[in-house]
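Asker: let's see this in three dimensions:
(chains A and B)
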Amino acid sequence: MNTLHVSKGYDLPLTGRPGTDLDVLPRPSRVALLPEHIPFIKPKLLVKEGDAISCGTPLFHDKRHPRVRFLSPGGGIIDAIEFGPRRVIRRVVIRLDETEAAESFQRFEEGQLRQTDRSALVEALLDGGLWPLLHALPFRDYPDPETQPPAIIVSLGDDEPFQADPAVYLAGRQDLFGYGMQVLARLAPQVFVSAPAGAGDALQAVSPWITHTVSGPYPALDPGVFLYRTRRSPADNRTWFVRGQDLLLMAGLLRDGRYPTERIVAIGGPATQRRRHAITRMGAPLKSMAETTAEASVRRVVGGVLRGFTGDADGYLGFHETALNLLPAGDQREFLAFVRPGTRKPSFSRTFLSALNRHRLPMDCNLHGELRPCVACNACMQVCPVEIMPQLTFKSLLADDIEEALAHGLLDCVECGLCSYVCPAKIELCDHFTRAKRRYHQEQTAA
Amino acid sequence: MKRLVQRFFDAQRPRFTEGGRLARLYPFFDAMETVFFAPAHTTGIGPHVRDNLDVKRFMTLVIVCLLPHLFFGMYNVGYQSLTATGRSPDFLPACLIGLKAVLPMVIVTYAVGFFWEILFAAVRRHTISEGLFVTCMLFPLTLPPTTPLWQVAMGITFGIVIGKEVFGGTGRNFLNPALTGRAFLFFAYPVRMSGDAVWTYMGGQAAVDGFSGATPLALAAAAEGQEVVHTVLNQAGYDLWTLFLGRYAGSIGATSTLLCLVGAVALIAMGIASYRTIVGGVLGMLATGALLNLFAGPGTSPWLALNPVYHLVMGGAAFGLAYMATDPVSSPDMESARWLYGFLIGVLTVLIRVFNPAFPEGVMLAILFMNVFAPLLDHFIIKARLKRRMANT
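Answerer: Okay, the predicted model is just below:
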């Protein structure tokens, strides 16, 4: 087992880490799939409102690769298909019925996997709607099914505040995990499994598969950071990755021949009352998942607080997300904020007395300032885990010089959000990079 | 209090927003309001939480570090004035005279600087950046206390407009605006910016007999033949300790090396100023001073033999290194380039002082010169860095 220490990055001193206790949430009456929050795809609907569907019926496919389908996470009736601005499909809501019929898919016995054709596994994953759980670096789109990666990284654990703990979602599932590893071994010549260092006994059951233990501040556990630190040649940049919990879903599909919908979700954040993990299902409604503290208004962040999206009170979990974090909205004006000593104002800088405060602190969604021009404070350069020089790369993007930005390592950006977090000028650096990467990817695939 | 202020701003807001008579001046309203109330803006896109530090606090902390310089500068101007005119230099009268001499300059600087910033903000429709307040605090501190107010206005105008706004405003300037303004005055009105007569505020009183008004740097530069510079300085009452504390005639706020040291340590501790620039600059001055010592001998200027530590405590070098050279916008972006940048500022400062008889002080020109070279330093460092990076395209 190799060890990898990442020194650059930053751990937000945020309160609200979910406990490792595991709740079972009651079966919801509705589930949904949110095409809006699946990056890059151009969904083409295959169902309409009122259709009766089973768990595993295709709801839409991606026009770019019609073989890539997204299946219904439950059986029942299509309750609503909601559109947003410019006819973007916001969500497909399914009202579950009692019986919940389920589609069946091809099964693979564990013993057969070694002899199975790679293409048969790819076909099965495409049919079973779980191909998009694989991600291809550097763009993090799902990989083109026709291609082969140099390697696949399985990332156990995500140190973004706050994501599901691998010790919780892997508990008692080591057989399934082992099955998944055999599948991946057929998909790529090399499979790396990265796990947080210091997990100790918690990951004992899967330790035979772990190839690297990773230590360091957020986002050390990100597969992009892992690749940045371990790649040997430029060809490695096309490595794929899959998250630990997603691998369990893929393994479940191929082993049992049913569309798996179980999700273990981390429920945390400073405005959440009971911080814990919970067993629920893909696309479950957010409403009954977390109780807020007395705060007047809260923001429901689906995913981690750095990369997640804002869900409304009657929203749903996305296809990829396995966390719900509640944050105080922070939409109040603060009197004479900039001269306060700030013993409880967390900051990457040392400009508040909180620099001497070792405790984790609550944070809210306030921007804590206004947009200003960059003053070259270099905070972004100090946190960037992949050693991009964000303020310079950002300036070359403003000047429309994509070549320069690429030379700076734009595609190495892991979209961790730290540069935007630390920026005192409140420049949306990460958003600029993410959108530039996205544009570049679209140009590349269109060509 | 809080509620009163809030009511006041809420009452004024309609005039400054869309449809109001003063809608073009919204940046002014915004700047005033955000002094009292941090805006309620929340994050639109991820990351959903943000650091508490903003540019306002960043700049405010620099101003806080400059305030001791302002107060000490006022006292020192009064002290020098009282001793030059043969009166007893008591603390309170000294402060009052200094207040009378310096406060109008500070007020004019802020009024004129703010005027230009609002004008550009209104025309270009951007917000007022807090960097202005630092520039306007720095600028008067670098002037002789006798500068006429109209020159103060001219200088800050040049500094803000030509030094900053024509390039797009804060963050896009390549020269330090306060120093640009000072350099403009220095070359446009040399009579009021150099020589022995400008450094002591007389307030209408006659000087005592034998008063020269020469600054330590002028004395050092004037030493000739067999004279030893630090003896000359000692005879004029400028021993190392006096120079370190800063109670001598000079630019209003730049004389005290002690305060510069305190300010630099505070700024470095808070991570606002780059210690690389400051340490590099100190090393540059000491190294150049020590190198010049090697060439000292009979027939050369007595400057060459001066103990390099004197360079640090005389004139505005310490002030320039602590507050001007560390301006992040006009410094190189790369941390490693800042070592060289600071070092070369130190080298140039000493070289200008020692070898250029026209300029007793060199730190202003050294910093402006290195501001111009900062992008070049960055260019080479970045090129070297990108060469090591594995391509990903």
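
Asker: flag the helix or strand of chain A with the lowest per-element mean pLDDT.
Answerer: Every helix and strand in chain A was compared by mean pLDDT, DSSP states H and E; the lowest is strand A:334-335, with a mean of 82.

Asker: which strands and helices lie in contact with it?
Answerer: In terms of contacts (3 or more CB pairs under 8 Å, 6 or more residues apart in numbering or on different chains; DSSP states H and E), strand A:334-335 is packed against helix B:2-16, strand B:37-38. (Glycine included, C-beta is placed from N, CA and C.)

Asker: avg pLDDT for the longest one?
Answerer: Just to be clear, that refers to helix B:2-16. Averaged over helix B:2-16, pLDDT sits at 82.

Asker: what about that helix, distance to the chain center?
Answerer: The chain centroid and the centroid of helix B:2-16 are separated by 35 Å under CA atoms, centre = their mean, to the nearest Å.

Asker: now do the buried residues in that helix.
Answerer: In terms of neighbour count (16 or more other CB atoms under 10 Å in any protein chain shown), helix B:2-16 has its buried residues at B:Phe9, B:Phe16.

Asker: and if you look at stretch B:220-235?
Answerer: Quick answer for stretch B:220-235 (16+ other CB under 10 Å): B:Ala220, B:Ala221, B:Ala222, B:Ala223, B:Glu227, B:Val229, B:His230, B:Val232, B:Leu233.

Asker: excluding residues flanking it in the chain, which one is nearest the closest residue to chain A within the stretch 1-150 of chain B?
Answerer: Relative to chain A, the nearest point of the stretch 1-150 of chain B is B:Asp54 (2.6 Å; CB to the nearest CB). Leaving aside its chain neighbours, B:Asp54 sits nearest to A:Gly369 (2.6 Å; criterion: CB to CB, 6 or more residues apart in numbering or on different chains).

Asker: so what's the residue count around B:His48?
Answerer: Residues near B:His48, counting by other CB atoms under 10 Å in any protein chain shown, number 27.

Asker: that one contacts A:Val305, doesn't it?
Answerer: Yes: B:His48 lies in contact with A:Val305 (CB atoms under 8 Å); the separation is 4.9 Å.

Asker: who touches both of these two?
Answerer: Shared contacts of B:His48 and A:Val305 (CB atoms under 8 Å, 6 or more residues apart in numbering or on different chains): A:Leu327.

Asker: rewinding a little: what lines up beside the least confident helix or strand of chain A in the sheet?
Answerer: Here strand A:334-335 has these sheet partners by DSSP bridges: strand B:37-38 (antiparallel).

Asker: next, the buried residues of the helix or strand that comes right after the strand it pairs with.
Answerer: Using DSSP states H and E, the helix or strand that follows strand B:37-38 in sequence is helix B:55-84. By neighbour count on 16+ other CB under 10 Å, the buried set for helix B:55-84 is B:55-62, B:65-66, B:68-84.

Asker: and if you look at stretch A:61-80?
Answerer: The neighbour-count check on stretch A:61-80 (16+ other CB under 10 Å) flags A:61-62, A:64-65, A:68-76, A:78-79 as buried.

Asker: could you do stretch B:117-129 as well?
Answerer: Across stretch B:117-129, burial judged by 16+ other CB under 10 Å covers B:Glu117, B:Ile118, B:Leu119, B:Phe120, B:Ala121, B:Ala122, B:His126, B:Thr127, B:Ile128, B:Ser129.

Asker: export it to PDB, keeping only CA atoms.
Answerer: Extracted C-alpha coordinates of stretch B:117-129, given in PDB (Å, rounded to 0.1, in the frame of the first residue of the first chain):
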ATOM      1  CA  GLU B 117     -12.600  57.800  -7.700                       C
ATOM      2  CA  ILE B 118     -16.300  58.600  -7.600                       C
ATOM      3  CA  LEU B 119     -16.100  60.300 -11.000                       C
ATOM      4  CA  PHE B 120     -14.500  57.200 -12.500                       C
ATOM      5  CA  ALA B 121     -16.800  54.800 -10.700                       C
ATOM      6  CA  ALA B 122     -19.900  56.700 -11.900                       C
ATOM      7  CA  VAL B 123     -18.700  56.900 -15.500                       C
ATOM      8  CA  ARG B 124     -17.400  53.300 -15.600                       C
ATOM      9  CA  ARG B 125     -20.200  52.000 -13.400                       C
ATOM     10  CA  HIS B 126     -18.100  50.100 -11.000                       C
ATOM     11  CA  THR B 127     -17.900  50.100  -7.200                       C
ATOM     12  CA  ILE B 128     -15.400  52.200  -5.300                       C
ATOM     13  CA  SER B 129     -12.500  50.000  -4.300                       C
END
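
Asker: how about the stretch 201-350 of chain B: which residue is closest to chain A?
Answerer: B:Pro328 (4.2 Å).

Asker: nearest residue to B:Gly250 other than its sequence neighbours?
Answerer: B:Thr215 (5.3 Å).

Asker: got it, and A:Val6?
Answerer: Nearest-residue entry for A:Val6: A:Gly216, 3.4 Å, with adjacent residues in sequence omitted and distances by CB to CB, 6+ apart.

Asker: before we move on, what about B:Leu82?
Answerer: Nearest-residue entry for B:Leu82: B:Pro89, 4.2 Å, with adjacent residues in sequence omitted and distances by CB to CB, 6+ apart.

Asker: now do A:Ala329
Answerer: A:Ser297 (4.1 Å).

Asker: please list the residues of the stretch 1-150 of chain B that sit near chain A.
Answerer: Applying CB under 8 Å from any CB of the partner chain, we find that the stretch 1-150 of chain B lies next to chain A at B:2, B:5-6, B:30, B:34-43, B:45-58, B:60-61, B:127, B:129-131.

Asker: shaky segments in chain B?
Answerer: Along chain B, no part satisfies pLDDT under 70.

Asker: so if we follow the domain assignment, how does it break up?
Answerer: Here the domain assignment for chain B is B:8-36, B:55-193, B:216-387, based on automatic domain parsing.

Asker: before we move on, what about chain A?
Answerer: For chain A, automatic domain parsing gives the domain ranges A:1-26+A:104-329, A:367-446.

Asker: average pLDDT for the longest one?
Answerer: Computed over domain A:1-26+A:104-329, the mean pLDDT rounds to 92.

Asker: the residue of the stretch 51-200 of chain A found nearest chain B - how many residues pack around it?
Answerer: Nearest residue of the stretch 51-200 of chain A to chain B: A:Pro138, at 6.2 Å (CB to the nearest CB). Residues lying near A:Pro138 (other CB under 10 Å) number 24.

Asker: show me what contacts it?
Answerer: Per CB under 8 Å, 6+ apart, neighbours of A:Pro138: A:Gly224, A:Asn237, A:Leu411, A:Asp412, A:Cys413, A:Lys437, B:Asn392.

Asker: I figured the third one hits A:Asn237, correct?
Answerer: Yes: in this structure A:Leu411 lies within contact range of A:Asn237 using CB under 8 Å: 7.2 Å.

Asker: any residues in contact with both of those two?
Answerer: Both A:Leu411 and A:Asn237 are contacted by A:Pro138, B:Asn392, under the criterion CB under 8 Å, 6+ apart.

Asker: thinking again about what came up before, surely the residue nearest to A:Ala329 meets A:Leu326?
Answerer: No: using CB under 8 Å, A:Ser297 makes no contact with A:Leu326, being 10.6 Å away.

Asker: the more surrounded of those two?
Answerer: Applying other CB under 10 Å to A:Ser297 and A:Leu326 shows that A:Leu326 carries more neighbours, namely 25 against 14.

Asker: quick check on the more buried one: phi, psi?
Answerer: Torsion angles at A:Leu326 (phi, psi; degrees, to the nearest 10) stand at phi -100, psi 130.

Asker: for the helix or strand hosting A:Thr445, buried residues please.
Answerer: In this assignment (DSSP H and E), A:Thr445 forms part of helix A:429-446. For helix A:429-446, burial by neighbour count (16+ other CB under 10 Å) applies to A:Leu429, A:Cys430, A:Asp431, A:His432, A:Phe433, A:Thr434, A:Ala436, A:Lys437, A:Tyr440, A:His441.
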